[in-house]
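Student: below: sequence and its predicted model.
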Amino acid sequence: MPGKQRILTPAVWAFYLVIVLEFLFMISPLALHFYASYGPFLNLLHKTPWSAWLTGFFLPHFSYTTSPLLNVLKPLGFLLALVGLLLFLMGAVQVYGSKLFRRGAVTGGLYRLVRHPQYLALAMLGLGVTLIWPRFFVLFSYLVMLLLYGVLARWEEARCIEKYGESYRAFQRRTGRFVPRLISEVLPGRREPGGEDSTGRTLLRYVTIAIVTIVVGFALREHTLRHITARYTDHVAILSPALLSDAELEEAFRLAADDPRTRQLLDNRGAAAPLLAYVVPGEWYLPDLPLHSEEEIRRERGGHGTAQEFDRSRYKVLFTRARTHLIDAKGKNIVRWTYGQDPVIIVWVDLEAGEVLRHVEPPRYVIWGDIPTPLF
């Protein structure tokens with residue numbers, strides 16, 4: 001058993017790093033170096049439609065929405081991440097303090113409530129980051145991490161029983177494994193400590209939970225697509241990260257799309273792939289889309305500049321060819337099946353004057369390179 005634990009523990013941390021590090025690197029100056037190694041793996045998933053969906057996002061990352069549920073999830077994610085981090089540090093102080101002063105098994109403080117408060121804290125932190133950076137692959141990694149935490153917890157408890165005997169069994173009877181005893185007693189499928197399921201039943205339970213969670217993820221994406229500013233046609237998906245009226249969205253797109261130079265550029269790039277267009281307030285700074293030069297991004301030093309109050313007359317309209325395995329995708333399917341974008345042109349428009357102001361050549365990729373970034 002100790003040998004298996006030595007193998008499994010690094011695996012747990014590997015999945016945990018997938019969950020936490022991508023988000024942390026995205027908000028740090030080290031993002032370029034991180035994606036130099038991580039980006040090719042993400043792009044490898046795009047080789048087949050069976051895995052391309054894993055790099056997509058199931059919640060809005062930079063778009064404002066009209067859904068109260070969606071609007072509260074990201075703040076909730078930051079709260080969960082902060083609370084999880086604080087609980088983890090508190091548990092670490094208890095554990096290593098006990099080892100340093102040779103006090104034996106830790107049963108007080110946080111451990112008076114649950115037997116594995118540090119795993120609970122890391123699960124809270126991981127869930128928080130998953131809500132902040134809601135990539136399907138991150139969600140899948142989080143589910144695998146929870147499974148591995150459960151296995152590790154059982155192994156650790158078996159070792160504690162061998163070492164401490166009845167005193168640890170008494171500790172098990174008065175505490176819950178991951179949640180307080182009062183809560184665990186009302187959860188379905190509860191078992192007394194020591195009355196564990198077979199490995200097969202445990203795996204079946206986790207597979208069921210994983211399938212349900214992934215389905216919920218897709219449902220949340222559909223909910224998102226209904227509550228962001230968007231218009232879908234046969235071969236074009238028009239999105240805006242801002243909350244615009246239908247008239248504003250359609251007029252900005254019409255001005256840009258009807259311009260002769262825009263039509264020529266789109267025709268020259270071919271009509272094989274569907275279009276994904278973004279109508280973005282002119283003063284907004286949004287590095288997740290190929291809108292800004294490297295010089296501008298370095299000057300801004302990260303983050304988003306997406307104030308809710310903005311000049312509602314001037315917009316930049318980004319035209320991109322969708323990378324998709326479903327070449328004849330129409331309507332919302334353009335967004336559902338797109339795993340990347342090839343930018344064509346940025347068109348600045350003035351709604352008050354009803355004219356195109358200028359055309360700007362977009363960067364080939366976002367600042368982090370050819371990687372899958374959020375679509376909404």
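Tutor: That came through, no problem. If you're wondering where the values come from, they're calculated on a predicted model, not measured in any experiment.

Student: tell me the spacing between the nearest residue to residue 134 once chain neighbours are set aside and residue 288.
Tutor: Distance criterion CB to CB, 6 or more residues apart in numbering; nearest residue to residue 134, sequence neighbours excluded, is residue 59 at 3.8 Å. Every C-beta, even on glycine, is put in place using the N, C-alpha and C of the backbone. Separation of residue 59 from residue 288 (CB to CB, to the nearest Å): 14 Å.

Student: so for the two, which sits in the more crowded spot?
Tutor: Set side by side, residue 59 and residue 288 show unequal neighbour counts under other CB atoms under 10 Å, the larger going to residue 59 at 25 against 18.

Student: secondary structure class for the more buried one?
Tutor: Reduced to three states with DSSP: H, G, I helix; E, B strand; the rest coil, the structure at residue 59 is coil.

Student: tell me what the particular helix or strand that has residue 151 in it is packed against?
Tutor: Using DSSP states H and E, residue 151 maps to helix 136-164. Taking 3 or more CB pairs under 8 Å, 6 or more residues apart in numbering; DSSP states H and E as the contact definition, the neighbouring helices and strands of helix 136-164 are helix 2-26, helix 117-132, helix 166-174, helix 199-227.

Student: for the spatially most central residue of the chain, give me its contacts.
Tutor: In the chain, the C-alpha nearest the mean C-alpha coordinate belongs to residue 134, at 1.7 Å (CA atoms, centre = their mean). If a contact means CB atoms under 8 Å, 6 or more residues apart in numbering, then residue 134 has 57-59, 61, 217 as its contacts.

Student: now it: phi and psi?
Tutor: Summarising the backbone geometry of residue 134 under the convention degrees, to the nearest 10, its torsions are phi -80, psi 60.

Student: please pull out the lowest mean pLDDT helix or strand from this structure.
Tutor: In the chain, the helix or strand scored least confidently by mean pLDDT, DSSP states H and E is helix 2-26, which has a mean of 59.

Student: for stretch 141-149, C-alpha coordinates in PDB please.
Tutor: Provided in PDB are the C-alpha atoms of stretch 141-149 (Å, rounded to 0.1, in the frame of the first residue of the first chain):
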ATOM      1  CA  SER A 141      -9.100  17.100 -14.400                       C
ATOM      2  CA  TYR A 142     -10.900  18.300 -11.300                       C
ATOM      3  CA  LEU A 143     -13.100  15.200 -11.300                       C
ATOM      4  CA  VAL A 144     -10.200  12.900 -11.600                       C
ATOM      5  CA  MET A 145      -8.400  14.700  -8.800                       C
ATOM      6  CA  LEU A 146     -11.400  14.200  -6.500                       C
ATOM      7  CA  LEU A 147     -11.400  10.500  -7.300                       C
ATOM      8  CA  LEU A 148      -7.700  10.300  -6.400                       C
ATOM      9  CA  TYR A 149      -8.200  12.200  -3.200                       C
END
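
Student: mind checking pLDDT for the residue nearest to the centre of the chain?
Tutor: The per-residue pLDDT reported for residue 134 equals 93.

Student: please apply the same query to residue 261.
Tutor: 92.

Student: now stretch 67-84: buried residues?
Tutor: Neighbour-count burial for stretch 67-84, with 16 or more other CB atoms under 10 Å as criterion, is recorded at 70, 73-74, 77, 80-81, 84.

Student: and for stretch 234-246?
Tutor: Buried residues in stretch 234-246, counted by 16+ other CB under 10 Å: 236-242, 244.

Student: rewinding a little: and the residue nearest to the centre of the chain, how far from residue 70?
Tutor: Summarising the geometry, the distance separating residue 134 from residue 70, computed by CB to CB, is 10 Å.

Student: identify the contacts common to the two.
Tutor: Taking CB under 8 Å, 6+ apart as the contact definition, residue 134 and residue 70 share the neighbouring residues residue 59.

Student: residues in contact with residue 220?
Tutor: 58-59, 70.

Student: hmm, try it at 10 Å
Tutor: Counting by CB atoms under 10 Å, 6 or more residues apart in numbering, residue 220 makes contact with 57-60, 67, 69-70, 73, 134, 139.

Student: ok, so of these, who is nearest residue 47?
Tutor: residue 57 (19.6 Å; CB to CB).

Student: for that closest one, which non-adjacent residue is closest in space?
Tutor: Take residue 57 and drop its neighbours on the chain: the residue closest to it by CB to CB, 6+ apart is residue 374, 4.7 Å away.

Student: what does residue 343 give?
Tutor: Looking at residue 343 with CB to CB, 6+ apart, the closest residue is residue 362, at 3.9 Å.

Student: check which helices and strands the strand ranked longest in the chain is in contact with.
Tutor: Ordering each strand of the chain by length in residues (DSSP state E) puts strand 338-350 first. The elements that strand 338-350 packs onto, with contact taken as 3 or more CB pairs under 10 Å, 6 or more residues apart in numbering; DSSP states H and E, are helix 31-44, helix 49-52, helix 246-258, helix 260-268, strand 275-281, strand 314-324, strand 355-360.
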